[in-house]
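Trainee: sequence? don't have it. structure:
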């Protein structure tokens, strides 16, 4: 196969299926063990940016969702993926994790979907153990559909992959030195053929391209690209016309996936594992800003944690999200966001993050002053953005950042996931001892877990008082009462607060006192609160006799409380934090919403689509449609 004769994707897929009997998986980007698929006679075909107009996907995704997800889903909906035998979804971002749930649960494709979660930085011994478990789980899932994995063939595919990466590295090195005469558009057109070509075809094509492209580059200026894709082709052609040469890139689809050489190992899984952990720094794997900056400079020169664990060490916790909500309620959001936007943080980023970064850059806050933290503690169980946001703070403040990496629940959380999380918690304890100067005391930790569970269960009872008609409070009230369960969980004051609130609400129920006059309709709220509009919305709906009596947002801090167990504190924390609503597939959220709607006898649902909150917003169109179908609800605009 030559560069000129290389077929398009559809023709190539058809040939691979008919001539070689290969199964074909459509793979959403970006990091996955390609060699395992090759060894199992599977051709991975990556779905990045098909040249297709988005129409069908508009019924399922908001316009603010990234183009990779929108055009990928469009390709599926228009039937262009009918020839594929299934899909593979690596855990890359919040949008793709929910898109996986849409494809798997709601499209009725009757094609198998496979899921692959890779650990996030900072890496420890437990990260490698977990990554091996994920490889083994993927192989076991694939073997249910295709031929068993042959270790000998896997070694052969690893050798082919090494040869391919050696050629790609040579191309990149020669280009950086100005010794590749191929233009920008041609270079990336060839490199990206690796997204769908089998190694037996891609390697000779690369060899041909390398031999044909040796030569002196043009005399124009040199730039470096960073981002996701070298697409569309038009800007690359424009750079060619202007005489501007791309000397290197830090693109997710290209440069970040060029592997460094690895020693052959008796266990091929070891080689795959080492390749993953030696990849270039990438925000999709949780790399620190320092590593990303060092990596870029090198190119120029040649991105809700378990608070219970902090309590035994005497840490006082401050939540930027809570503070961001306060700033929003005080209508300071636009001013504070502007400070972050002036530093280059885009308006489409999470407003919690932009508000908090705005506070950091400006020093302005409605509470006078925030304490300087000694430590940052984050979990990716609600989103990936919080991890990148905290990495910015850690970089600016020069303080440690601890990440609690919770595997996304594509279908179910298994024991390997729990073991990975428990190992992380065990590795976190010595760090907390060093920073705090306090020794870990397990008995104190058990008391904290017990208090946290009691407070969370009591918070659930507070919310359940709204099953009464009329409801004694509204969800807008509950938004305000959230603060203790978020920031004071595990402390006695949190439990005492909710016990007092519960007593008051039960008294209101017994006397028939409602939150609003003449409660005619009962509603459910989905997504985060619109903090600067809480009063306006509360008054607007109350004027029409409508009361919000339940919400997925407020229920999130009660749903997993039963998992907490002071007899198994680390394991129970792993379960409780990994099974929250935003770390779960959409089908879980749909069942939860159905249950809440029935238990609270709601008449309607209000869905807040927040363009900057991808894990909460991606999939809402399908959730709305299915709830309307299953519960007989009617749409109002």
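Mentor: Ah, there it is. Predicted, not measured: the structure shown is a model, and the values here were computed from it.

Trainee: please make it C-alpha for all contacts and neighbour counts, starting now.
Mentor: Fine.

Trainee: can you check the pLDDT for the closest residue to residue 55 other than its chain neighbours?
Mentor: Distance criterion Cα to Cα, 6 or more residues apart in numbering; nearest residue to residue 55, sequence neighbours excluded, is residue 74 at 7.1 Å. Residue 74 is assigned a pLDDT of 95 by the prediction.

Trainee: out of the helices and strands in this structure, which is least certain?
Mentor: Lowest on mean pLDDT, DSSP states H and E among the helices and strands of the chain sits helix 289-301, with a mean of 72.

Trainee: for the residue nearest to residue 55, helix, strand, or coil?
Mentor: Classification of residue 74 by DSSP: H, G, I helix; E, B strand; the rest coil places it in helix.

Trainee: pull the contacting residues for it.
Mentor: 52, 53, 54, 55, 56, 57 (Cα atoms under 8 Å, 6 or more residues apart in numbering).

Trainee: export the residues you listed to JSON lines and tack on neighbour count, distance to residue 42 and pLDDT?
Mentor: What follows is these, written out as JSON lines (neighbours: other Cα atoms under 10 Å; distance: Cα to Cα, whole Å; pLDDT from 0 to 100):
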{"residue": "52", "neighbour count": "11", "distance to residue 42": "25", "pLDDT": "88"}
{"residue": "53", "neighbour count": "11", "distance to residue 42": "29", "pLDDT": "91"}
{"residue": "54", "neighbour count": "16", "distance to residue 42": "28", "pLDDT": "92"}
{"residue": "55", "neighbour count": "13", "distance to residue 42": "30", "pLDDT": "93"}
{"residue": "56", "neighbour count": "16", "distance to residue 42": "29", "pLDDT": "94"}
{"residue": "57", "neighbour count": "20", "distance to residue 42": "27", "pLDDT": "94"}
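
Trainee: among these, which are in strands?
Mentor: Using DSSP state E to define strands, no part of the contacts of residue 74 is located there.

Trainee: in JSON lines: those residues, plus distance to residue 430.
Mentor: Shown next, in JSON lines, are the contacts of residue 74 (distance: Cα to Cα, whole Å):
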{"residue": "52", "distance to residue 430": "52"}
{"residue": "53", "distance to residue 430": "53"}
{"residue": "54", "distance to residue 430": "50"}
{"residue": "55", "distance to residue 430": "52"}
{"residue": "56", "distance to residue 430": "51"}
{"residue": "57", "distance to residue 430": "48"}
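
Trainee: ok, so of these, who is nearest residue 155?
Mentor: Closest approach to residue 155 among the contacts of residue 74 (Cα to Cα): residue 52, at 37.4 Å.

Trainee: now do the same contact list for the closest one.
Mentor: Residues in contact with residue 52, defined by Cα under 8 Å, 6+ apart, are 71, 74, 75.

Trainee: what about the helix or strand where the first one lies, distance to the chain center?
Mentor: In this assignment (DSSP states H and E), residue 71 forms part of helix 67-77. In terms of Cα atoms, centre = their mean, to the nearest Å, the gap separating the centre of helix 67-77 from the centre of its chain is 18 Å.

Trainee: same question for it: list its buried residues.
Mentor: 68, 69, 70, 71, 72, 73, 74, 75, 76, 77 (16 or more other Cα atoms under 10 Å).

Trainee: now flag whichever of those residues is closest to residue 221.
Mentor: Set against residue 221, the nearest of those by Cα to Cα is residue 68 (30.1 Å).

Trainee: right, and the closest one touches residue 49 too?
Mentor: Yes: taking contacts as Cα atoms under 8 Å, residue 68 lies within contact range of residue 49: 5.8 Å.

Trainee: pretty sure residue 524 sits in a strand.
Mentor: Yes: under three-state DSSP, residue 524 sits within a strand.

Trainee: burial count for it?
Mentor: By other Cα atoms under 10 Å, 22 other residues sit near residue 524.

Trainee: distance of it relative to residue 307?
Mentor: Here residue 524 is placed at a distance of 29 Å from residue 307 (Cα to Cα, to the nearest Å).
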